[in-house]
Structure formats: C-alpha cells, structure tokens
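**Q** below is the sequence, then the predicted model.
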Amino acid sequence: MEVTNSQVLERQFTIKGRVQFVLYRDFAQRSALKLGIVGSVRNEKEGSVFVIAQGTLEKLTAFEVELRKGSFFSKVKTVEMKDVPAATVYKTFVIRYE
C-alpha cells in the first residue's frame, strides 16, 4: 500500500537553547532513525534548530521526549511543537545544511 500525504502525521519542532555547535542535529538524526521517524533537521540563523518529523503518534511523542533531552553538550531551554499537514513524505531522516 502506498503512503499518501493524508496518512502521514507530521510535527514541526523549534528547539531553543544551546543547540548549535553541540552535535544536536546529529543527535536528532540518530534518535529519529532509532525510532523510525523520517524528516529533516537544520540550524536556523537566529540560533535555534528546526525539525520536521513524520511518523506515528506514538513515535512522534517518543521523539519529542528525546528532543527535549538533547545531546550531551546541549542545553535545551524550550521545544515548540505544532502539527501540520504533510507537504512532502520523507523516506529517511536527513541533516540539512542550508
């Protein structure tokens, strides 16, 4: 059965705190792949990290817990989350360098 956009749950996260130059994107990617989450992660110019995550509600909830913990060197202050319709269905979880 082919997956359509209407069947994919997508959450977007903005993570603020000390989350750049502390391997946070790598941590997010490893956590996502371990949980079976697809999507992407990128640094934002103002210092936050932006994550697009797609998966089941259970997996997305577990992923949010991991994002709040952060990498060993990070210090997460806030995680903003919103559910959005999936515009693109991802095949894996990638780090974007933009």
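**A** Noted; the coordinates are in hand.

**Q** tell me where this protein has helices.
**A** 24-35, 57-69 (DSSP state H).

**Q** which of the ones you listed sits closest to Arg42?
**A** Closest to Arg42 of the helices of the chain is helix 24-35 (C-beta to C-beta; 7.3 Å). Where you see a C-beta, it was placed from the backbone N, CA and C, and this is true even at glycine.

**Q** on that earlier part again, mean neighbour count, the helices of the chain: which tops it?
**A** The highest average neighbour count among the helices of the chain, using mean count of other C-beta atoms under 10 Å, belongs to helix 24-35 at a mean of 19.

**Q** what's next to that one, contact-wise?
**A** If you take C-beta atoms under 8 Å, 6 or more residues apart in numbering as the criterion, helix 24-35 is touched by 15, 37-39, 41-43, 49, 51, 53, 55, 59, 62-63, 66-67, 70-71, 74, 92-95.

**Q** next one: stretch 38-56
**A** 8-16, 19-20, 24-25, 28-29, 32, 35-37, 60, 63, 67, 86, 89-98.

**Q** can I have the buried ones of these as a PyMOL selection?
**A** Of the contacts of stretch 38-56, the buried ones go into a single PyMOL selection, burial set by 16 or more other C-beta atoms under 10 Å:
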select buried, resi 8+9+10+11+13+14+15+19+20+24+25+28+29+32+35+37+60+63+67+86+90+93+94
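
**Q** mind checking which of the contacts of stretch 38-56 are in strands?
**A** 9-16, 93-96 (DSSP state E).

**Q** biggest separation within these, which pair?
**A** Comparing every pair within the ones in strands among the contacts of stretch 38-56 by C-beta to C-beta identifies Leu9 and Lys16 as the most remote, at 23.2 Å.

**Q** follow-up on the earlier one: which one of the ones in strands among the contacts of stretch 38-56 is nearest Lys82?
**A** Among the ones in strands among the contacts of stretch 38-56, Gln12 lies closest to Lys82 (C-beta to C-beta), at 5.5 Å.

**Q** can you name the residues bridging to that closest one?
**A** Beta-bridge partners for Gln12, by DSSP bridges, are Ile52, Lys82.
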